[in-house]
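Engineer: One predicted model, sequence on top.
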Amino acid sequence: MLEDTVINEFRVKPINPEKVVSSGEGEVAYSLETIPHGKCVTTQEERDIISKLIATDTTLGFESDMECDFCPLFLTTYNTDKSENAYYEYGDHTPGKEKYQEECRFKPGDKVLCLMYEGYNAVFPGIVVGPLTEEYLRKLYETNEDMQIGYSSADEAVEEWLDWNWDSVIVRPLVHLKNDWEEMGDTVMVNRVYVFPYKKF
(Lines give C-alpha, C1' and ligand atoms only; values in the text may rest on other atoms or scores of the structure.)
Protein backbone atom coordinates (compact mmCIF):
# COMPACT_ATOMS: atom_id res chain seq x y z
CA MET A 1 0.00 0.00 0.00
CA LEU A 2 1.35 3.40 -1.03
CA GLU A 3 1.64 5.91 1.80
CA ASP A 4 1.72 9.72 1.79
CA THR A 5 5.17 11.31 1.92
CA VAL A 6 6.27 11.98 5.50
CA ILE A 7 8.68 14.78 6.48
CA ASN A 8 10.86 14.08 9.52
CA GLU A 9 13.59 15.89 11.40
CA PHE A 10 16.43 13.95 13.00
CA ARG A 11 17.71 15.30 16.31
CA VAL A 12 20.25 13.92 18.72
CA LYS A 13 20.17 13.79 22.49
CA PRO A 14 22.38 12.16 25.13
CA ILE A 15 22.52 8.39 24.88
CA ASN A 16 22.03 6.01 27.79
CA PRO A 17 25.62 5.13 28.85
CA GLU A 18 24.53 1.50 29.31
CA LYS A 19 24.11 1.22 25.53
CA VAL A 20 27.77 2.13 24.90
CA VAL A 21 30.13 -0.85 24.78
CA SER A 22 33.29 1.07 23.86
CA SER A 23 34.31 4.29 22.16
CA GLY A 24 37.34 5.76 20.48
CA GLU A 25 39.11 8.66 22.16
CA GLY A 26 36.89 11.75 22.11
CA GLU A 27 34.17 10.04 20.07
CA VAL A 28 30.50 10.35 21.06
CA ALA A 29 27.31 8.53 20.08
CA TYR A 30 23.83 9.95 20.53
CA SER A 31 20.29 8.77 20.98
CA LEU A 32 18.07 9.48 17.95
CA GLU A 33 14.94 11.58 18.24
CA THR A 34 12.67 11.67 15.17
CA ILE A 35 10.39 14.72 14.98
CA PRO A 36 7.49 14.45 12.49
CA HIS A 37 6.71 17.59 10.47
CA GLY A 38 3.64 16.39 8.62
CA LYS A 39 2.52 14.50 5.54
CA CYS A 40 2.13 15.69 1.97
CA VAL A 41 0.62 14.43 -1.26
CA THR A 42 2.23 16.68 -3.86
CA THR A 43 5.81 17.71 -4.56
CA GLN A 44 4.83 21.34 -3.96
CA GLU A 45 3.50 20.50 -0.49
CA GLU A 46 6.75 18.69 0.22
CA ARG A 47 8.82 21.69 -0.86
CA ASP A 48 6.66 24.04 1.22
CA ILE A 49 7.10 22.01 4.41
CA ILE A 50 10.85 21.57 3.93
CA SER A 51 11.36 25.27 3.16
CA LYS A 52 9.86 26.21 6.55
CA LEU A 53 11.94 23.80 8.63
CA ILE A 54 14.37 25.39 11.06
CA ALA A 55 17.38 23.40 12.27
CA THR A 56 18.24 23.49 15.97
CA ASP A 57 21.63 23.00 17.63
CA THR A 58 20.77 19.29 17.92
CA THR A 59 19.46 18.72 14.38
CA LEU A 60 21.35 16.10 12.37
CA GLY A 61 19.21 16.53 9.25
CA PHE A 62 15.81 15.97 7.66
CA GLU A 63 14.14 13.35 5.49
CA SER A 64 11.31 13.05 3.00
CA ASP A 65 10.03 9.47 2.97
CA MET A 66 7.35 7.87 0.78
CA GLU A 67 6.81 4.20 1.62
CA CYS A 68 5.04 1.28 0.00
CA ASP A 69 4.33 -1.88 2.00
CA PHE A 70 6.47 -0.62 4.92
CA CYS A 71 9.62 -0.07 2.82
CA PRO A 72 10.89 3.21 1.35
CA LEU A 73 9.88 3.83 -2.24
CA PHE A 74 11.44 7.30 -2.49
CA LEU A 75 13.53 8.67 0.36
CA THR A 76 15.65 11.81 0.42
CA THR A 77 17.78 12.94 3.35
CA TYR A 78 18.84 16.56 3.79
CA ASN A 79 21.58 18.32 5.69
CA THR A 80 20.76 21.01 8.25
CA ASP A 81 20.96 23.70 5.54
CA LYS A 82 18.38 21.62 3.59
CA SER A 83 20.82 20.76 0.81
CA GLU A 84 20.37 17.18 -0.39
CA ASN A 85 22.43 14.60 1.49
CA ALA A 86 21.38 11.47 -0.43
CA TYR A 87 18.47 10.09 -2.46
CA TYR A 88 17.07 6.55 -2.64
CA GLU A 89 14.61 5.26 -5.23
CA TYR A 90 13.34 1.69 -5.03
CA GLY A 91 14.66 -0.82 -7.54
CA ASP A 92 17.79 -2.32 -9.12
CA HIS A 93 20.09 -2.26 -6.06
CA THR A 94 20.53 -6.05 -5.92
CA PRO A 95 23.71 -7.71 -7.26
CA GLY A 96 23.97 -7.56 -11.03
CA LYS A 97 21.45 -4.74 -11.35
CA GLU A 98 22.11 -1.20 -12.56
CA LYS A 99 22.19 0.51 -9.14
CA TYR A 100 24.05 -2.22 -7.24
CA GLN A 101 26.56 -0.42 -4.99
CA GLU A 102 25.14 2.97 -5.96
CA GLU A 103 27.78 5.63 -5.43
CA CYS A 104 27.91 7.16 -1.97
CA ARG A 105 28.97 10.78 -1.49
CA PHE A 106 31.42 9.53 1.15
CA LYS A 107 34.49 7.53 0.16
CA PRO A 108 36.31 4.71 1.97
CA GLY A 109 38.27 6.21 4.85
CA ASP A 110 35.90 9.15 5.35
CA LYS A 111 34.75 9.88 8.89
CA VAL A 112 30.96 10.17 9.05
CA LEU A 113 27.92 10.16 11.31
CA CYS A 114 25.56 7.22 10.87
CA LEU A 115 21.87 7.01 11.71
CA MET A 116 20.69 3.52 12.62
CA TYR A 117 17.38 2.11 13.75
CA GLU A 118 17.50 -1.73 14.11
CA GLY A 119 16.87 -1.48 17.84
CA TYR A 120 19.68 1.05 18.37
CA ASN A 121 17.80 4.24 17.44
CA ALA A 122 21.12 6.01 17.57
CA VAL A 123 23.55 8.26 15.74
CA PHE A 124 27.19 7.22 15.94
CA PRO A 125 30.53 8.13 14.32
CA GLY A 126 32.28 5.73 12.01
CA ILE A 127 34.75 5.26 9.17
CA VAL A 128 33.40 4.28 5.74
CA VAL A 129 34.80 0.94 4.55
CA GLY A 130 32.90 0.68 1.25
CA PRO A 131 29.63 -0.44 -0.33
CA LEU A 132 27.78 -3.57 0.75
CA THR A 133 28.94 -6.62 -1.20
CA GLU A 134 27.45 -10.04 -1.73
CA GLU A 135 30.59 -11.53 -0.17
CA TYR A 136 30.12 -9.44 2.99
CA LEU A 137 26.52 -10.61 3.34
CA ARG A 138 27.51 -14.25 2.87
CA LYS A 139 30.23 -14.00 5.53
CA LEU A 140 27.80 -12.26 7.89
CA TYR A 141 25.36 -15.13 7.48
CA GLU A 142 27.99 -17.58 8.73
CA THR A 143 28.34 -15.77 12.08
CA ASN A 144 24.95 -14.11 12.64
CA GLU A 145 22.45 -16.32 14.45
CA ASP A 146 19.50 -14.05 13.65
CA MET A 147 20.21 -14.35 9.92
CA GLN A 148 20.51 -18.12 10.25
CA ILE A 149 17.08 -18.21 11.90
CA GLY A 150 15.55 -16.01 9.21
CA TYR A 151 17.15 -17.69 6.19
CA SER A 152 17.91 -21.34 5.47
CA SER A 153 21.17 -20.53 3.66
CA ALA A 154 23.48 -17.72 2.62
CA ASP A 155 22.09 -18.11 -0.91
CA GLU A 156 18.58 -17.49 0.38
CA ALA A 157 19.73 -14.45 2.37
CA VAL A 158 21.32 -12.94 -0.73
CA GLU A 159 18.28 -13.77 -2.86
CA GLU A 160 15.74 -12.30 -0.43
CA TRP A 161 17.74 -9.32 0.89
CA LEU A 162 15.59 -6.24 0.32
CA ASP A 163 16.47 -3.67 -2.32
CA TRP A 164 16.42 -1.02 0.46
CA ASN A 165 18.98 -2.96 2.48
CA TRP A 166 21.24 -3.63 -0.48
CA ASP A 167 21.66 0.14 -0.82
CA SER A 168 23.96 0.22 2.20
CA VAL A 169 27.56 0.99 3.03
CA ILE A 170 29.85 -0.88 5.41
CA VAL A 171 31.06 1.29 8.27
CA ARG A 172 33.56 0.70 11.08
CA PRO A 173 31.95 2.18 14.20
CA LEU A 174 34.08 4.51 16.33
CA VAL A 175 31.57 4.01 19.15
CA HIS A 176 30.31 0.46 19.60
CA LEU A 177 26.73 0.19 20.84
CA LYS A 178 24.41 -2.59 21.94
CA ASN A 179 20.67 -2.99 21.67
CA ASP A 180 18.44 -5.47 23.49
CA TRP A 181 19.77 -8.50 21.61
CA GLU A 182 23.23 -7.84 20.18
CA GLU A 183 26.34 -5.68 20.14
CA MET A 184 27.80 -3.99 17.08
CA GLY A 185 30.57 -5.94 15.41
CA ASP A 186 33.80 -4.57 13.99
CA THR A 187 31.74 -3.36 11.01
CA VAL A 188 28.05 -2.64 10.46
CA MET A 189 25.74 -2.02 7.51
CA VAL A 190 24.22 1.46 7.30
CA ASN A 191 21.68 2.54 4.69
CA ARG A 192 23.48 4.88 2.28
CA VAL A 193 20.95 7.69 2.76
CA TYR A 194 21.50 7.58 6.52
CA VAL A 195 25.21 8.44 6.32
CA PHE A 196 25.78 12.11 7.14
CA PRO A 197 28.77 14.45 7.36
CA TYR A 198 30.78 14.08 10.55
CA LYS A 199 30.26 16.62 13.32
CA LYS A 200 30.05 16.80 17.08
CA PHE A 201 27.09 18.17 18.98
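Structural biologist: Done, it's in. Residues are numbered from 1 along each chain as shown.
Engineer: if I read this right, Arg172 contacts Gly130, doesn't it?
Structural biologist: No: in this structure, Arg172 is not within contact of Gly130 by Cβ atoms under 8 Å, at 10.5 Å. C-beta: built from backbone N, CA, C; applies to glycine.
Engineer: can you give me the strands for the protein?
Structural biologist: In the chain, the strands defined using DSSP state E lie at 5-14, 20-23, 30-40, 59-68, 71-78, 84-89, 111-116, 122-131, 168-173, 175-177, 188-191, 195-197.
Engineer: Tell me the buried residues in stretch 7-22?
Structural biologist: 7-12, 15, 19-20 (16 or more other Cβ atoms under 10 Å).
Engineer: Mean confidence (pLDDT) on that stretch, please.
Structural biologist: Mean pLDDT, computed over stretch 7-22, is 97.
Engineer: Excluding its own residues, what touches the least confident helix or strand in the chain by mean pLDDT? List them.
Structural biologist: The helix or strand of the chain with the poorest confidence is helix 145-150; it has a mean of 90 (mean pLDDT, DSSP states H and E). Contacting residues not belonging to helix 145-150 are listed as 140-141, 157, 181-182 [Cβ atoms under 8 Å, 6 or more residues apart in numbering].
Engineer: same thing with stretch 41-56?
Structural biologist: By Cβ under 8 Å, 6+ apart, the residues outside stretch 41-56 that reach it are 4-5, 7, 9, 11, 37-38, 40, 62, 64, 78, 80-82.
Engineer: Now with 6 Å, please.
Structural biologist: The contact list for stretch 41-56, computed with Cβ atoms under 6 Å, 6 or more residues apart in numbering, reads 4-5, 7, 37-38, 40, 62, 64, 80.
Engineer: Buried by neighbour count, from the residues you listed: which ones?
Structural biologist: Here, 16+ other Cβ under 10 Å leaves 5, 7, 37, 40, 62, 64, 80 buried among those.
Engineer: Excluding covalently adjacent residues, which one is nearest to the fifth one?
Structural biologist: This means Phe62. Tyr78 (4.3 Å; Cβ to Cβ, 6 or more residues apart in numbering).
Engineer: Please apply the same query to the first one.
Structural biologist: With Cβ to Cβ, 6+ apart as the measure, Met66 is the residue that lies nearest to Thr5, at 4.4 Å, once sequence neighbours are left out.
Engineer: ok, what's across the strand from that neighbour?
Structural biologist: Met66 has the following beta-bridge partners by DSSP bridges: Phe74.
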